[in-house]
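*Asks:* Sequence first, predicted coordinates after that:
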Amino acid sequence: MYSPFVPKEIFLTKGIGRHREKLASFEEALRDAQIARFNLVPVSSIFPPSCKVIPKAKGLEKLSSGQILHCVISRNATEERRRLIAASVGLAIPTDSKHQHGYISEHHSYGEPDEQAGDYAEDLAALMLSTTLGVEFNQDTSWDDKKEIWKMSGKIVRSTNVTQSAIGHEGLWTTVVAAAVFVS
């Protein structure tokens, strides 16, 4: 009988890599994030019901080299001197996380520091979740005001992000990654 794979644990990670070859800089970023030894399969943005966020170290202990891993991953790269790049993954979890799914978003940008890119990714995940929960707000509302509206609605219990930014160097590719990795 078919048993669907529904992940029960997830961890967040990030990394940065630099190399004269673009692909090698991506590999360095994956190594920095400690997920280079796996076969990564990007998936869309659903945080499964009853899934738990665990520390990266605990998640890595449960994995084997070469294993196929599903993840939501954001990446960005530049070879321009002094260009600021960012990669971020946002997460929004509903109050009833045992029966309802949450959302994971990915965001990559230029010219945004960690906090700005992370807030955007977190906002995007919470926005996607709020539309499924019937939480209404004005599209032009600031991030801080949206957080208050979501908190007061009692339907979104937690939102967070993992973000990596870096400044490009001349003659080298710089790559940043951020990922939400499904463990089991």
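*Replies:* Looks like it arrived, so ask away. Owing to the predicted nature of the structure, the values given are computational and were not obtained by experimental measurement.

*Asks:* List the contacts of the closest residue to Glu21 other than its chain neighbours.
*Replies:* Leaving aside its sequence neighbours, Glu21 sits nearest to Trp173 (C-beta to C-beta, 6 or more residues apart in numbering; 6.7 Å). Every C-beta, even on glycine, is put in place using the N, C-alpha and C of the backbone. Residues in contact with Trp173, defined by C-beta atoms under 8 Å, 6 or more residues apart in numbering, are 18-22, 24-25, 77-79.

*Asks:* Just the buried residues from those, in PyMOL please.
*Replies:* To isolate the buried members of those in PyMOL, using 16 or more other C-beta atoms under 10 Å:
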select buried, resi 18+19+25+77+78+79
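
*Asks:* of the contacts of Trp173, closest to Thr160?
*Replies:* Distance to Thr160 across the contacts of Trp173 (C-beta to C-beta) is lowest for Ala77, with 24.5 Å.

*Asks:* I'd assumed the closest one was in a strand, is it?
*Replies:* Yes: counting by DSSP: H, G, I helix; E, B strand; the rest coil, Ala77 falls inside a strand.

*Asks:* What is the neighbour count of the nearest residue in space to it that is not next to it in sequence?
*Replies:* Nearest residue to Ala77 in three dimensions, chain neighbours excluded: Thr175, at 4.3 Å (C-beta to C-beta, 6+ apart). Thr175 has 29 neighbours, counted by other C-beta atoms under 10 Å.
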